[in-house]
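need a structure here:
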Amino acid sequence: MNRNNLSVVTKSLNITEKMVLGTAQFGMDYGIANVSGKLPRKEVFSILDLAWENGIRRFDTAPNYGSEKVLGEFITDRGLQNEAIVLTKIPSLEGSSDYRKSIRSSIETSLNHLGCPVDVLFFHNPADSKLVLEYPVFFEKLLNEYPVSTLGVSVYEPREVEELSGCEFELAFQFPFNVLDQRFVQVSMTQGKRYARSVFLQGLLASPNGLRPDAPGELLNLQKDYHDRLADHHLDPVRFSVSFAAHNVAVDYFLIGVDLAKQLRNILNLKPYEQKDMVILDKLQVITTNKWLDPREWN
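Now for the predicted structure:
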């Protein structure tokens, strides 16, 4: 690993300013390490209250997560319509006979559920993002008609960013990024619009405890190997993952997801590791293959 990609850690850094709270767990049974299932509404509100009270202002959702409505209820109930910064997505347009109609319908439904403007509207399916290259006038009109600030793309591979290099919009990108997956470090993206996700790799990097019963054996082996190495160096897994994302110059914001308010409180109380404490990063990168970096391959 090129350690120049880690910025200098300073005591004044407020990592909550870079955090985006993911909400997939609020609407569905999500995460390879989540054994408790979908969260009850009371716990969702407890998590959101704790996040807001501690300076987290960005929230990531999507129609497919089933969490837009509960997030919107929280925003409305707490009177945060003009303060919350929300990221949501356009569901896959595969099979759609009229992409214009589908996109408009999705935006209108999302805005209705959320009750507030959308800061970034991502294409959930990166293949759909090529529409912005073909029909820029439509998307310019879309941004003028709806309270949506920026278009973006949720990607899986560096080439999906590179294929959009000729786009006339300054796109935001949401990309997988963690201590095992640094493929996007050298990929050119607009500063201020780089959103790292999978910093815990669906919980695998955060907890040494058991995964879901249907987890592949190879994934269990990866988890054990990873956490054994951290333990050998007396490194806390959650603190290690958060520190890496928070101080990496390739990242503007990073998403975190939690199953309990207690988990979020633990993250908020973390003191980031310094760069000198993270020297085993080089060794960690060799313990996996690309297949296990992509949760779509875990079935």
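
all strands of this structure, in order?
19-22, 58-60, 85-90, 118-123, 148-154, 172-176, 194-197, 253-256 (DSSP state E).

would you turn the ones you listed into CSV with distance to residue 245 and mean neighbour count?
C-beta here means a position set from N, CA and C on the backbone, and glycine is covered the same way. Listed next are the strands of the chain as CSV, based on distance: least, Cβ to Cβ, whole Å; neighbours: other Cβ atoms under 10 Å:
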stretch, distance to residue 245, mean neighbour count
strand 19-22, 9, 25
strand 58-60, 14, 26
strand 85-90, 16, 25
strand 118-123, 18, 23
strand 148-154, 17, 21
strand 172-176, 11, 24
strand 194-197, 6, 24
strand 253-256, 4, 24
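
between these, which gets nearest to residue 110?
Closest of the strands of the chain to residue 110 is strand 85-90, at 5.0 Å (criterion: Cβ to Cβ).

Show residues contacting that closest one.
The contact list for strand 85-90, computed with Cβ atoms under 8 Å, 6 or more residues apart in numbering, reads 20, 57-64, 68, 71, 75, 102-103, 106-107, 110, 114, 116-124, 128, 152, 154, 174, 195.

Where do the helices of this protein begin and end?
All helices of the chain, identified by DSSP state H, fall at 24-27, 41-53, 68-77, 99-114, 131-134, 136-145, 158-162, 217-232, 237-246, 261-268, 281-284.

The second one versus helix 68-77: what angle between them?
Between the axis of helix 41-53 and that of helix 68-77 there is an angle of 60 degrees, by axes from the mean of the first three to the mean of the last three Cα atoms, to 10 degrees.

what do you get for the fourth one?
Computed with the same axes, to 10 degrees, the direction of helix 99-114 lies at 50 degrees from that of helix 68-77.

and the nearest residue to residue 64 once chain neighbours are set aside, what does it touch?
Excluding its sequence neighbours, the residue lying closest to residue 64 (Cβ to Cβ, 6 or more residues apart in numbering) is residue 91, at 5.7 Å. If you count contacts by Cβ under 8 Å, 6+ apart, residue 91 has them with 62, 63, 64, 106, 124, 125.

cutoff 10 Å now
62-64, 102-103, 105-106, 109-110, 123-125, 128 (Cβ atoms under 10 Å, 6 or more residues apart in numbering).

hang on, the earlier thing: of all the strands of the chain, which lies closest to residue 276?
Comparing the strands of the chain by Cβ to Cβ, strand 253-256 comes nearest, at 21.3 Å.

for the record, mean pLDDT for the closest one?
Average pLDDT, strand 253-256: 97.

what's the distance between it and the middle of its chain?
Here the centre of strand 253-256 is set off from its chain's centre by 5 Å, with Cα atoms, centre = their mean, to the nearest Å.

and the residue positioned nearest the centre of the chain, what is it in contact with?
Most central in the chain under Cα atoms, centre = their mean is residue 197, positioned 3.1 Å from the mean C-alpha point. Residue 197 sits next to 20, 22, 24, 60, 154-155, 174-178, 245, 253-257 when contact means Cβ under 10 Å, 6+ apart.

pLDDT score for residue 32?
Per-residue pLDDT puts residue 32 at 39.

cool, the one 4 residues further on as well?
Reported pLDDT at residue 36 in the predicted model: 53.

cool, the one 10 residues further on as well?
Taken from the predicted model, the pLDDT recorded for residue 46 is 97.

Contacts only, for the nearest residue to it once chain neighbours are set aside.
The shortest distance from residue 46 to any non-neighbouring residue, by Cβ to Cβ, 6+ apart, is to residue 261 (4.2 Å). Residues in contact with residue 261, defined by Cβ under 10 Å, 6+ apart, are 39, 42, 43, 44, 45, 46, 47, 48, 49, 50, 51.
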